[in-house]
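J.: the amino acid sequence is not available; the structure is as follows:
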């Protein structure tokens, strides 16, 4: 059985995990941060701390260079996974964001939310179009 590596860094429960094609691991936590890890060595590459609410989900683009995160602060953030810089913050009128996913080519990100039955919504942002 292979050795187990414990990744220490978050100050609260980890709620979201995702591997990238480049071998990085992203984790989102109730401590309002996203960590990008080198899981082989157990080291933190970046701590992304621009969310003001619990991080509910993280997702990488298929090439592993961009990372999406959603939070209880009602934002979707898109990060450069290599540099750790926030590239864009998407603010919507949707509460309780719970998940996110990039399209295969990485130009679209979608997010789902827990909202009243009468208002089921999916947000989608085309990253190929300028603001």
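T.: Perfect, I can see it now. This structure is a prediction, so every number in the text was calculated from the model and none was measured.
J.: residue 105 reaches residue 62, doesn't it?
T.: Yes: Residue 105 lies in contact with residue 62 (C-beta atoms under 8 Å); the separation is 7.5 Å. Where you see a C-beta, it was placed from the backbone N, CA and C, and this is true even at glycine.
J.: what about the protein, any weak spots by pLDDT?
T.: Counting by pLDDT under 70, the chain shows low-confidence ranges at 1-2, 93-94, 115-131.
J.: distance between the ends of stretch 36-50?
T.: 14 Å (C-alpha to C-alpha, to the nearest Å).
J.: with stretch 72-89 instead?
T.: In stretch 72-89, first residue to last residue: 13 Å (C-alpha to C-alpha).
J.: so for it, what gets flagged as buried?
T.: For stretch 72-89, burial by neighbour count (16 or more other C-beta atoms under 10 Å) applies to 72, 73, 74, 75, 76, 77, 78, 79, 81, 86.
J.: what does stretch 59-76 give?
T.: Across stretch 59-76, burial judged by 16+ other C-beta under 10 Å covers 59-61, 64-76.
J.: which of those fall within strands?
T.: 59, 60, 66, 67, 68, 69, 70, 71, 75, 76 (DSSP state E).
J.: OK, contacts around the second one?
T.: Same thing as residue 60. Counting by C-beta atoms under 8 Å, 6 or more residues apart in numbering, residue 60 touches 18, 19, 20, 21, 24, 26, 66, 67, 68, 81, 102.
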